[in-house]
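[1] let me see the structure of the following:
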Amino acid sequence: MKLLNKQIGISLVEVLVALVISLFLLGGIVQVYVGNKVTFKFTNALAEVQENGRFALDSMSQDLRLANQWGCISFNPANTTNINDTLPGTHPGYDAEFHDFISPAPTLPGAIVGTNNNGLNGSDQLTVRGGKPGQTNVEAPFTSGAIQSLNVNPTGRISAGDIILVARCGEFILNIPEADILSVSSVDVSNPVQTVINLAAPKSQQFENDAMVIELQTVNYSIGNAASGNGETALFRQEFNGIVEELVEGVEDMQILYGIDSDNDQFPNQYVTADNVPNFNAVVSLRVMLLIHSIDDFVTEAPQTYTFNGVQTTPADRRLRQVFTTTIALRNRIG
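    Okay, here's the model as predicted:
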């Protein structure tokens, strides 16, 4: 019993020593947690910005490479007699800015047209005209020019409201025009081995199995306010059918330089802004620059100074920003 009476518990000094040790351990754990959280937030923001930048440039590159795509026929903006354009008066909601594919400059600047510093945050805007990826071929039974339909091999791409270019690709072309631009009124896909494209206007001639069909498009790229309504900006893609698609959130600015071929050697001699392009039909490449920021603020320890389009800026926030640049050749003008 005497031994038990001597076990009187822990002293105050021992308690204080244990608390001090615990505080050191807890402080280390908190420091590691905070450091990992900061690193994770920065790494996540960096991955987000890089992914958005790659996606934005890839989306734009696909459309830009197809600018001035006319399939197997030649296109001369100064002489378009080889193309029969049926859209005026037949395409619903015809708007020359979006639906006129063949008018030469200065009436319309053709396949590529840009405006300088008139968008949100002083950004540029870009409009591209040309074909979409892929094609389909005309099949028998062949319909005469007066019949407003085409029989083609099965395709799931063409639908009502689309605009198509039907072009004869034979070696010997005896008839003028070589191609028609037509509006699609409806598509019959009930036959699994053949699609019937119904048209809003008669064709210029009977197209046969040497004819190809490609979809045409007009696409406008611009910077606007994001649909989220949280004050963010985004890159928008608008098609001629009125569909407006928000591609990437966090795109703050877009600047475009146009490569001008002034000596007809199919290589750009200089890059200029849209307001200094003498003739958009002489543009053979584009240099696209995007400024993209992270959606989250307080990612960096201090405001991040960046250089965009030759101007150095220090913003008021602490978002992560990165500049993406690519040069795109208009392959339908240099081939």
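
[2] list the buried ones in stretch 45-60?
    Neighbour-count burial for stretch 45-60, counted by 16 or more other CB atoms under 10 Å, picks out A45, E48, V49, N52, G53, A56, L57, S59, M60. From N, CA and C alone the C-beta is placed, and that goes for glycine too.

[3] in helices, which of those residues appear?
    Judged by DSSP state H, the subset of the buried residues of stretch 45-60 located in helices is A45, E48, V49, N52, G53, A56, L57, S59, M60.

[4] and the fourth one, how far from M289?
    Distance check for N52 against M289: by CB to CB, to the nearest Å, it reads 15 Å.

[5] now swap in the fifth one and tell me
    For G53, the distance to M289 (CB to CB) stands at 11 Å.

[6] where do the contact lists of these two overlap?
    F324 (CB atoms under 8 Å, 6 or more residues apart in numbering).

[7] touching, D188 and N198? I think so.
    Yes. At 6.9 Å, D188 counts as touching N198 under the criterion of CB atoms under 8 Å.

[8] can you tell me the average pLDDT over stretch 16-28?
    Per-residue pLDDT over stretch 16-28 has a mean of 82.

[9] got a list of contacts for that stretch?
    Contacts of stretch 16-28 (CB under 8 Å, 6+ apart): none.

[10] if you set the cut-off to 10 Å instead, what comes out?
    Stretch 16-28 is contacted from outside by I10, S11, using CB atoms under 10 Å, 6 or more residues apart in numbering.

[11] mind listing the helices for this protein?
    With DSSP H as the criterion, the chain has helices at 2-5, 12-65, 96-99, 331-334.

[12] circling back: of all the buried residues of stretch 45-60, which comes closest to D265?
    M60 (25.7 Å; CB to CB).

[13] hmm, back to that, mind checking which of the helices of the chain is nearest N225?
    Among these, helix 12-65 comes nearest to N225, with 16.5 Å by CB to CB.

[14] off-centre distance for that closest one?
    32 Å (CA atoms, centre = their mean, to the nearest Å).

[15] cool, and stretch 90-99?
    22 Å.

[16] for stretch 299-307, same thing?
    Using CA atoms, centre = their mean, the offset of stretch 299-307 from its chain centre is 27 Å.

[17] just the endpoints, please. Distance across it?
    Taking CA to CA, to the nearest Å, stretch 299-307 runs 18 Å from one end to the other.

[18] same question for stretch 235-249.
    7 Å.

[19] list the buried ones in that stretch?
    For stretch 235-249, a neighbour-count test (16+ other CB under 10 Å) marks L235, F236, R237, Q238, F240, V248, E249 as buried.

[20] got a list of what F75 touches?
    By CB under 10 Å, 6+ apart, the residues touching F75 are 68-69, 82-83, 101-102, 110-111, 130, 165, 179, 332-333.

[21] for E48, same thing?
    Counted by CB under 10 Å, 6+ apart, E48 has contacts E249, G250, I292, H293, S294, I295, D296, V299, L320.

[22] including distance to Q217 and pLDDT, could those go into JSON lines?
    As requested, the contacts of E48 are arranged in JSON lines below (distance: CB to CB, whole Å; pLDDT from 0 to 100):
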{"residue": "E249", "distance to Q217": "24", "pLDDT": "95"}
{"residue": "G250", "distance to Q217": "26", "pLDDT": "95"}
{"residue": "I292", "distance to Q217": "25", "pLDDT": "97"}
{"residue": "H293", "distance to Q217": "30", "pLDDT": "96"}
{"residue": "S294", "distance to Q217": "32", "pLDDT": "96"}
{"residue": "I295", "distance to Q217": "30", "pLDDT": "93"}
{"residue": "D296", "distance to Q217": "35", "pLDDT": "92"}
{"residue": "V299", "distance to Q217": "37", "pLDDT": "92"}
{"residue": "L320", "distance to Q217": "34", "pLDDT": "96"}
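
[23] mind listing which of those residues are in strands?
    Among the contacts of E48, the residues falling in strands (DSSP state E) are E249, I292, H293.

[24] pretty sure the last one is touching F324, no?
    No. Counting by CB atoms under 10 Å, F324 is not a contact partner of H293; they are 11.7 Å apart.

[25] list residues touching both of those two?
    Both H293 and F324 are contacted by V49, N52, V251, under the criterion CB under 10 Å, 6+ apart.

[26] how about the second one: what's its closest non-neighbour residue?
    What it means is N52. What sits nearest to N52 in space, not counting adjacent residues and going by CB to CB, 6 or more residues apart in numbering, is V248, at 4.6 Å.
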